[in-house]
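> Sequence and predicted model, in that order:
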Amino acid sequence: MLFLWEPQPKKRWISSEIRTQAQTIPFEHITIYSWSLPMVMSICHRGTGIALSAGVSLFGTSALLLPGNFASYMELMTSLRLRPALIHAAKFALVFPLMYHTWNGICHLIWELGKGMKIPQLYQSGVVVLVLTVLSSIGLAAM
Amino acid sequence: MIAVLWRLSALCGAQGGRALLLRTSVVRPAHISAFLQDQPTPEWCGVQHIHLSPSHHSGSKAASLHCTSERVVSVLLLGLLPATYLNPCSAMDYSLAATLTLHGHWGLGQVKSAKAGLLGLSALTFAGLYYFNYHDVGICKAVAMLWKL
């Protein structure tokens, strides 16, 4: 997706550096850019996306490769007699990346329409996404 | 605004092979752009107010269609989430399996470093989910059972 704004990098320029246009230092952007909320949110959107995809792929391949059916694994989980707090925490951990990715995804779709891309709006929407993520994760984990 | 115009011209330049625009002294933070997902690729679902030469139109049309399809699938998946909760059934299971794998496949395709074996992985995932829906309880029921723990 195309961001129609360009954050100003805080570059540390060392005078002895002579760089040609072709020279780039790997991962330099981590060191020269001042961190901002929209930047971190974007990275997390990618990160949660990758994690969720990995989870879905793991589930799909397990369905093909592992023996027994889903009910048997549920019975196994029940037989472990895990503490409710642990189960609750596990549900929260499962649902948190999904909620973050969903709410931030909605933001992305709104941006595609060209709305809400002013800098202050980006920060506001970022905070809203985080608040919604936490609230919806707590709510879903409690169900 | 200037950044927008520069981006659009870079887009045009990349497609038209007019390297002159790209080889200017303007700092092109390629790593930063890639990280922030704003590479001037031919893919852009927005309205393009620039005139593209006819020879490059087909390429950009395919990319634009792909881009739009990605958004459509995203909206579809977004709608499916509450729908499967409110009306769990077999049709929802299969729709979710298809939409989820497609969205994941296209999403991972954006992460350029994750290209190798992506098609195989996505195919395997879809096969697994389909198998699960057919032979086992299905996604909706599985989530319900998991949540009852």
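Now that the structure is in, tell me what you want to look at.
> Pull out the buried positions in stretch A:77-92.
A:87, A:91, A:92 (16 or more other C-beta atoms under 10 Å in any protein chain shown). C-betas here are computed from N, CA, C, even on glycine.
> how long is it from one end to the other?
17 Å (C-alpha to C-alpha, to the nearest Å).
> same question, stretch B:133-147
Using C-alpha to C-alpha, first and last residues of stretch B:133-147 are 18 Å apart.
> lowest average confidence, helix or strand, in chain B?
When the helices and strands of chain B are scored by mean pLDDT, DSSP states H and E, helix B:19-22 comes last with a mean of 40.
> Which of the buried residues of stretch A:77-92 fall within strands?
Counting by DSSP state E, no part of the buried residues of stretch A:77-92 is found in strands.
> contacting residues for residue A:138?
residue A:92 (C-beta atoms under 8 Å, 6 or more residues apart in numbering or on different chains).
> where's it, which helix or strand?
helix A:119-142 (DSSP states H and E).
> same question, residue A:73
Following DSSP H and E, one finds residue A:73 within helix A:70-79.
> Any residue of that helix touching chain B?
Yes - on the criterion C-beta under 8 Å from any C-beta of the partner chain, helix A:70-79 is in touch with chain B at A:70, A:71, A:74, A:77, A:78.
> gap between the closest residue in space to residue A:140 that isn't next to it in sequence and residue B:126?
Excluding its sequence neighbours, the residue lying closest to residue A:140 (C-beta to C-beta, 6 or more residues apart in numbering or on different chains) is residue A:95, at 4.7 Å. Between residue A:95 and residue B:126 the distance is 23 Å, computed by C-beta to C-beta, to the nearest Å.
> Same question for residue A:112.
Separation of residue A:112 from residue B:126 (C-beta to C-beta): 26 Å.
> Secondary structure element holding the residue of chain A found nearest chain B?
Scanning chain A for the residue nearest chain B gives residue A:60, at 2.8 Å (criterion: C-beta to the nearest C-beta). In the assignment (DSSP H and E), residue A:60 maps to helix A:37-65.
> which parts of that helix are buried?
A:38-39, A:41-42, A:44-46, A:48-50, A:52-53, A:56-57, A:59-61, A:63.
> Just give me the longest helix of chain B.
Across chain B, the longest stretch assigned as helix under DSSP state H is helix B:57-86.
> Which SSE is immediately downstream of that one?
Downstream of helix B:57-86, the first helix or strand assigned by DSSP H and E is helix B:90-110.
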